[in-house]
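1. Return a 3D structure for these sequence lines:
(2 chains)
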Amino acid sequence: KAGVTQTPRYLIKTRGQQVTLSCSPISGHRSVSWYQQTPGQGLQFLFEYFSETQRNKGNFPGRFSGRQFSNSRSEMNVSTLELGDSALYLCASSGGGRPDTQYFGPGTRLTVL
Amino acid sequence: QQQVKQSPQSLIVQKGGISIINCAYENTAFDYFPWYQQFPGKGPALLIAIRPDVSEKKEGRFTISFNKSAKQFSLHIMDSQPGDSATYFCAALLGSNYQLIWGAGTKLIIKP
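-> Model prediction:
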């Protein structure tokens, strides 16, 4: 089975712009979680989707949003980018109803200038 | 109450030694405790996991010890090798709200 794929791998944007990141989960997986990873901050949970429904959301401002499509692919969007949004954004998929064993993609490295 | 506290933040161990990373939690509703390993430039990957009805789980050189009464769990890496150098994250699953709560990570360096 192919692993979790994320596109693009690298992205450079300027403050005020918006960005959309894409995640394709492992085939058959219905749960997709998104994380922001910055040095010293560990993994910060953004949101989790299961069968197109957002089941949980972390403590991020409304500029961060996501969605999941019927084929389980997911996108996250960040509007009005700020310098502090520079981070590695990781997507993880899980096969069952509970997001216990998560399979991570390689991440998208976002740099905001 | 939703936090998982991980220590130490960084750890240097000689090759062949035992690496020990500790995590503590407060919420007794957590019901699944995985450890993830992350190499630079890669996403985290599941290393080993345990459920609270088990006190210890071993897979090769990696062992999780779980102390339910103390609300602590730890990862032991026996015979540590330079290839084990990575960042390790503990986590705890709150199944009722479908969220993994993550520790802050431990950067492990194994010196040859």
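
2. What separation do you get for residue A:33 and residue A:100?
-> Residue A:33 sits at a distance of 11 Å from residue A:100 (criterion: C-beta to C-beta, to the nearest Å). (Glycine included, C-beta is placed from N, CA and C.)

3. what is in contact with those two at once?
-> Here residue A:33 and residue A:100 share the contacting residues A:94, B:100, scored by C-beta atoms under 8 Å, 6 or more residues apart in numbering or on different chains.

4. now the nearest residue to residue B:34 once chain neighbours are set aside: how far from residue A:62?
-> Computed as C-beta to C-beta, 6 or more residues apart in numbering or on different chains, the closest residue to residue B:34 that is not its neighbour in sequence is residue B:49, at 3.7 Å. The spacing between residue B:49 and residue A:62, counted by C-beta to C-beta, is 33 Å.

5. the more surrounded of the two?
-> Neighbours per residue, other C-beta atoms under 10 Å in any protein chain shown: of residue B:49 and residue A:62, the larger number sits with residue B:49, 17 against 6.

6. and the strand or helix carrying that one, what other elements does it pack with?
-> With the criterion set as DSSP states H and E, the secondary-structure element containing residue B:49 is strand B:45-50. The helices and strands touching strand B:45-50, judged by 3 or more C-beta pairs under 8 Å, 6 or more residues apart in numbering or on different chains; DSSP states H and E, are strand A:103-104, strand B:33-38, strand B:56-59, strand B:62-67, strand B:72-77.

7. partners of the first one, with directions?
-> Paired with strand A:103-104 in the same sheet, following DSSP bridges, are strand A:87-94 (antiparallel).

8. residues from chain B in reach of chain A?
-> Residues of chain B lying close to chain A by C-beta under 8 Å from any C-beta of the partner chain are B:32, B:34, B:41-46, B:49, B:89, B:93, B:95, B:97-105.

9. Show me what the spatially most central residue of chain A is bridged to.
-> With distances taken as C-alpha atoms, centre = their mean, residue A:34 lies nearest the centre of chain A, 3.3 Å away. Residues found in beta-bridge contact with residue A:34 (criterion: DSSP bridges) are residue A:47, residue A:91.

10. Identify the residues contacting it.
-> Contacts of residue A:34 by C-beta under 8 Å, 6+ apart are A:23, A:45-48, A:66, A:74, A:76, A:89-92.

11. From residue A:42, how far out is the residue nearest to residue A:32 when sequence neighbours are not counted?
-> Beyond its immediate neighbours in the sequence, the residue positioned closest to residue A:32 (C-beta to C-beta, 6+ apart) is residue A:74, lying 4.2 Å away. Residue A:74 sits 21 Å away from residue A:42 when distances are taken as C-beta to C-beta.

12. That's all I had, so thanks and see you.
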